[in-house]
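Enquirer: next one to model:
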Amino acid sequence: MQIIKQDTNIDFLGKRRIMAILSIVLVVVGLVSLFVRGLNFGIEFTGGTLVEVEYDQPVSIADTRATLVAAEFGDAVVQYFGTSRDIAIRLPVREDADSAQISSEVLSALRAPDNEVLVEGAGGRVQRCSRDGSVVDCRVQMRRIEFIGPQFGKELAEDGGLALLAALFMILLYVAFRFEWKFAIGAVVALAHDVLIALGVFSLLQLEFNQSVLAALLAVIGYSLNDTIVVFDRIRENFRKMRKGSTFEIMNKSINQTLRRTLLTSLTTLLVLLALFFLGGEVIHGFATALIIGVLVGTYSSIFVASPVVLGLGISRDDMMPVKKEGVDQESLLP
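Expert: Numbering: from 1, shown residues only. Next up, the predicted model:
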């Protein structure tokens, strides 16, 4: 039995004004939050000390954090990495101590015999364990210490911003060379729209912005561009194939023809990202969050931002026709 797949017939471009208002509101809210609240930068950008320790038994994040608070490390960020025996502790810059002294104080606090942590005992039972090993051996071993100075963090933040701007500029050149400058403007507007909304979400929710999130934003640019290029390629193809129909109708038809591919790609990507978000642990949490936001917004922008911008710039069939070569009789090229 042969299954006939019919393209949808949704008037996407007819809703472009409503969607434009929605996009402007989201971008403006994000920009206001960025200027007022800013981003919650990780120590990679602000500077600080990263201490990674390993326990002999699984431990509780809450108990480890309480121990550090009692030792006057209340601003410490405590996370699992890898397993429940591996703990990453992030501390901001302290002017009164260097990284070696800070790491020594943290390790001493975690090894203090009068502190107790929750551990997973035999049969999965949770029991108390003293630091001196009288109940269960809970010795802590240092795995890694990393110190990032505030100046280096500032330079890293600036370099990350320049990397985003450079990526957008190179994409502008690429799309203008492959298609037409109006398509290039539409692609860059859509990508800037995606990045600003993602940054706005991180600012509004005060999620930690670190190197992995920056890498995710660069990946979002590539993902969103790929989706936009597929739509643009179909628009160019239909301009040359469809002899009837207005620019509005041809572009609407092209979006509908690529809609199935766009949704399937986005859904399969989201399945992987959701698995990373829920099962990947706190270390990869920010990376997965940024990509999930980027995929959702990128799918939206390839339909409701990139193409409407191109339409608004006055794209026409003549822009998509091959350039006629001088001295060649075009009639003789016809079959």
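Enquirer: which residues of the stretch 51-200 of the chain fall in strands?
Expert: Here the stretch 51-200 of the chain has its strands, by DSSP state E, counting those that start in this stretch, at 77-81, 83-92, 116-120, 126-130, 140-148.
Enquirer: ok, which stretches of the stretch 201-335 of the chain are helices?
Expert: For the stretch 201-335 of the chain, helices defined by DSSP state H, counting those that start in this stretch occupy the ranges 211-241, 247-279, 285-304, 306-312, 317-320.
Enquirer: any idea which of the ones you listed gets closest to residue 80?
Expert: Smallest distance to residue 80 across the helices of the stretch 201-335 of the chain (CB to CB): 10.3 Å, for helix 285-304. Yep, even glycine has a C-beta here, placed from its N, CA and C like the rest.
Enquirer: could you check the angle that closest one makes with strand 77-81?
Expert: Going by axes from the mean of the first three to the mean of the last three CA atoms, to 10 degrees, helix 285-304 is angled at 90 degrees with respect to strand 77-81.
Enquirer: begin at 45 from now on, thanks
Expert: In the new numbering, first residue 45, that becomes helix 329-348.
Enquirer: tell me what angle helix 329-348 forms with helix 291-323.
Expert: Using the same axes, to 10 degrees, helix 329-348 lies at 170 degrees relative to helix 291-323.
Enquirer: quick one: which of the helices of the stretch 245-379 of the chain is nearest residue 245?
Expert: helix 329-348 (5.5 Å).
Enquirer: which one of the helices of the stretch 245-379 of the chain has the lowest average pLDDT?
Expert: The stretch with the lowest mean pLDDT among the helices of the stretch 245-379 of the chain is helix 361-364, at a mean of 70.
Enquirer: how far does stretch 285-295 sit from its chain's centre?
Expert: The chain centroid and the centroid of stretch 285-295 are separated by 35 Å under CA atoms, centre = their mean, to the nearest Å.
Enquirer: please identify the buried residues of it?
Expert: Using 16 or more other CB atoms under 10 Å as the test for burial, stretch 285-295 gives 291, 294, 295.
Enquirer: then stretch 72-82?
Expert: 74, 77, 78.
Enquirer: turn the residues you listed into JSON lines, including pLDDT.
Expert: Listed next are the buried residues of stretch 72-82 as JSON lines, based on pLDDT from 0 to 100:
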{"residue": "74", "pLDDT": "94"}
{"residue": "77", "pLDDT": "95"}
{"residue": "78", "pLDDT": "93"}
